[in-house]
Structure formats: C-alpha cells, structure tokens
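Chemist: mind folding the following:
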Amino acid sequence: MEIQMNSIYTEGEIVESNERYTIYAKPSRPLAYDANKWIYHQMPDPLTLKADMLQQQVMHQNIGAAHLQFEFPENVKPKPSMMQFLRAQGFQLGCLELYVIEANMLRQLKGKPIRMTRVTTNHVEDFLQVASPLNLPYGEDYDAEFRDAVRKHIELGERPLNYYVAYLDDQPVGILNLIEKEGTVEIDGFAVAEQYRGQGIGSSMQAKVGEIAGKRPVILVADAEDTAKEMYIKQGYTYVSFQYSALKEHIDAHPSGSADLHI
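Modeler: Predicted structure coming up:
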C-alpha cells in the first residue's frame, strides 16, 4: 500500500469532505487542535482562505473551540506571499514530516528492559500519571479534557486507537498511542517521563511496537524543526513526505464581524 499523510489517524470525525478540503470536528474535545481542523486537498488562494477562516471560526465557536487550524496539501509548500498573509493574521506556521520503518528493524532496537501494557481501566491512572505533566504547558483545562477523553475512550473500548503505558521496575515511565490498521501501525503521543529520558526507554518501547506490528510497517509524524526526527532517522526510519499547517490560538470568543481575523 502507498503510505501518505492521509494514512495518519485524526481523532476528529469527518463532517464534510469535497474536492477542496476535508473538515474534522470533535465537539467533546474543543481544546484538541488536531481533532478540529480543515485539511486542504488543493492549495487555496488568499481570498478563498479568508472566507474559509471566517467559516471555520463560526463552526469552532459553536462547539466551544477557540482556535483555527488548517493543513495544506501534502508536499506543497505555501508561497512566500501566503506565508506572509498567514503570519499577518496571527497564525503560527508548522511543518510535519512523515516517516516509515519496517517492523523487523524496530524489533532490533535495544534499551532498558521494560514492560509495555495496553491501557485498560486497571492502568489508566498510570498512563495519566505520565501524560498530565506533559499536558500542563497547554493548560489545566486541556489536561482535564484529555483525562476525561482517555477514560471515556477506554471505557467504551473504541478502536483503532489504543493507549499503552511502559513500566520500569513497576513504575510508569512512558506512554504512547498505537493506531492499528490492516496495512500499518502508527505511533502517536510517544513520550517518556522527563526524569527517565536518555536511558533507552524510548528505544525499548519502539521495539515493543515492532513486536505488535508483526509484518506491518510502522509510521509516525515528526515536527520538521524537532530534534526527535534526527533520532528516528538514526534508528532506521525513512522520510516519506511533508505537510505544512497553520494554527491560530485564542481567537475572540465573541468577535465583532471579521475584526478578529484582521481582514
């Protein structure tokens, strides 16, 4: 199968999809940027983007979201004029890169002897013990929303996303999300507790993912500016593609006309 950015899991539900874009939304998680966004299939011009910004703002305010997020077509870099326009509107620009590795290569990674367990109601508090400190930079409200979402997800047994927690000497030290599909296994939300970093725990966790994946390739996305991607390359991951995005945080909850977007 061909691996592309659209192989990556999005938590939100598709509420509209056409030749121009796909709209994702998750009213139960308004503070989760990635669950409430638009993905363009064609690069918009500034005039079209202005109209889309206003439409998305209304849609997001209706579910209590206070951000705007757009992702642009895979392997298409916005023109300098578009980037300048977005920055003038208060957007932060980002770029994600997609990587893939064969599961048998992951299984060869060495590190600390850990135990990694799929999270059930018996392990959820251990998972959250690692996750909550990582969430705090996004605010206490975000962390509370995240904790509620994780508990609900586990209670309902929803798929294809599963949460995993890694233990070292019975102490929870790392977490990740696995999205298992027929043709791929995706690593998401991969983190090691700060005090346990640099000890090979991340490598051990990825080796466990290789065992779970079997013969399926393992995929993940990394920030193009993040040093973590250098680690993935050293571990044997292969670069596939890139995708630019634009995020505007903290839009006015009660805008007057289009003033909040400075149009």
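Chemist: SS state for Tyr244?
Modeler: Reduced to three states with DSSP: H, G, I helix; E, B strand; the rest coil, the structure at Tyr244 is strand.
Chemist: OK, contacts around it?
Modeler: By C-beta atoms under 8 Å, 6 or more residues apart in numbering, the contact set of Tyr244 is 71-72, 76-78, 93-95. The C-beta positions use only the backbone N, C-alpha and C, and glycine is treated the same way.
Chemist: against which helices or strands is the strand or helix carrying Phe127 packed?
Modeler: Per DSSP states H and E, Phe127 falls inside helix 124-135. Here helix 124-135 touches helix 140-156, strand 161-168, strand 171-180, strand 185-192, going by 3 or more C-beta pairs under 8 Å, 6 or more residues apart in numbering; DSSP states H and E.
Chemist: present these as a markdown table; the columns should include distance to Asp126, mean neighbour count and mean pLDDT.
Modeler: Formatted as a markdown table, these follow (distance: least, C-beta to C-beta, whole Å; neighbours: other C-beta atoms under 10 Å; pLDDT from 0 to 100):
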| stretch | distance to Asp126 | mean neighbour count | mean pLDDT |
| --- | --- | --- | --- |
| helix 140-156 | 12 | 15 | 94 |
| strand 161-168 | 5 | 20 | 97 |
| strand 171-180 | 4 | 21 | 97 |
| strand 185-192 | 14 | 19 | 96 |
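Chemist: as TSV, the ones you listed with distance to Leu49 would be great.
Modeler: Formatted as TSV, these follow (distance: least, C-beta to C-beta, whole Å):
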stretch	distance to Leu49
helix 140-156	27
strand 161-168	31
strand 171-180	30
strand 185-192	28
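Chemist: residue contacts, the residue nearest to Ala65 when sequence neighbours are not counted?
Modeler: In this structure, Ala65 finds its nearest non-sequential neighbour in Pro30, 4.0 Å apart by C-beta to C-beta, 6 or more residues apart in numbering. With contact taken as C-beta under 8 Å, 6+ apart, Pro30 is in contact with 36, 60, 63-66, 145.
Chemist: for Pro30, give its distance to Ser17.
Modeler: Distance of Pro30 to Ser17, given as C-beta to C-beta, to the nearest Å: 21 Å.
Chemist: just the buried members of the contacts of Pro30?
Modeler: Those of these that meet the buried threshold are 36, 60, 65, 145, by 16 or more other C-beta atoms under 10 Å.
Chemist: now the two most distant members of these.
Modeler: Largest separation among the buried ones among the contacts of Pro30 by C-beta to C-beta: His60 and Glu145, giving 14.8 Å.
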